[in-house]
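Enquirer: return a 3D structure for these sequence lines:
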Amino acid sequence: MFNRPQSLQRTARWLAALLLGLCCGPWAQAQVQAQGQGLEPWRQVLQQTAQQAASQLNREFGAAARVVVELGQADPRLRLAPCQRAEPYLLPGMKLWGRSRIGLRCVEGASRWNVSLPLTVHVFAPALVAVGPLDAGTALSAEQLRLAEVDIAAEPGAVFTDAAALLGRSLGRPVQAGEALRSGSLKQRQWFAAGTQVKVTARGAGFAIAGEGQALNQGLDGQDVRVRFENGRTVTGRAVGEREVEVLL
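Expert: Residues are numbered from 1 along each chain as shown. Below you'll find the model as predicted:
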């Protein structure tokens, strides 16, 4: 899966920090004071800030990805009172990844206002895509896959760069030609059936303990499963491999 150089979640936090930290400097305040009323001056400031943030992230990713941040248009009929200082903020439930929104509120002015604008964060990176259209249930082979640049932030789910992680996996839904293979495109893998003897590894801070027990339900990849040991004790862990369960302490 794509994980270079940091996790996607951390990348989204970087972008949020950059956008929320750069937007209201002295340059931004001077521009707004010079241009007067309306949202357009602030929109220009946010767009420039977004471009700066994208440049920062491009340097962090190096050759692995290309980040493009697009700030959408506000309602052209919107008119705002003069404001000496405004601050951007993240709306509840929003993240700066893919399609989102960013808020802007006046914190120093005769009239306090609060608006939001659409924002799209694109992260273009190499990932495995389908050579041609594939039906649900198709078992994937190397001939059906190729690397191409895709927007990994456009849809939910991790993408893949290593074909070995996909070979033999079955699709849970149809995939179009050129579409990226994402974790949500695949049928959930069953590592073992109920009643199977499984290895249980309990992991904590600086230690790991292994044992064996009987699975009380089927082990689906990444899902919880209950395991009973010979002494009758049961634990709940996560199915992580062929007859393997992990318990995090």
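Enquirer: what's the longest strand in this protein?
Expert: Criterion DSSP state E: the longest strand present in the chain is strand 114-130.
Enquirer: for the next helix or strand after that strand, packing partners?
Expert: For strand 114-130, the following helix or strand on the C-terminal side (DSSP states H and E) is strand 145-151. Other helices and strands packing on strand 145-151, by 3 or more Cβ pairs under 8 Å, 6 or more residues apart in numbering; DSSP states H and E, are strand 114-130. Placement of C-beta: from N, CA and C, glycine included.
Enquirer: hang on, the earlier thing: okay, buried residues for the longest strand of the chain please.
Expert: Going by neighbour count (16 or more other Cβ atoms under 10 Å), the buried part of strand 114-130 is 115-117, 119-130.
Enquirer: try stretch 238-249
Expert: Buried-residue list, stretch 238-249, by 16+ other Cβ under 10 Å: 238-239, 243-247.
Enquirer: out of those residues, which one sits closest to P88?
Expert: Checking the buried residues of stretch 238-249 against P88 with Cβ to Cβ, the nearest one is R238 at 38.2 Å.
Enquirer: quick one: the closest one and E246 touch, right?
Expert: Yes - counting by Cβ atoms under 8 Å, E246 is a contact partner of R238 at 5.2 Å.
Enquirer: pairing partners for the helix or strand harbouring V245, with directions?
Expert: Secondary-structure element containing V245, defined by DSSP H and E: strand 244-248. Pairing partners of strand 244-248, with direction, according to DSSP bridges: strand 197-204 (parallel), strand 234-241 (antiparallel).
Enquirer: contact partners of the first one?
Expert: Put plainly, it is strand 197-204. Here strand 197-204 makes contact (Cβ atoms under 8 Å, 6 or more residues apart in numbering) with 192, 208-215, 219, 225, 227, 229, 235, 237, 243-249.
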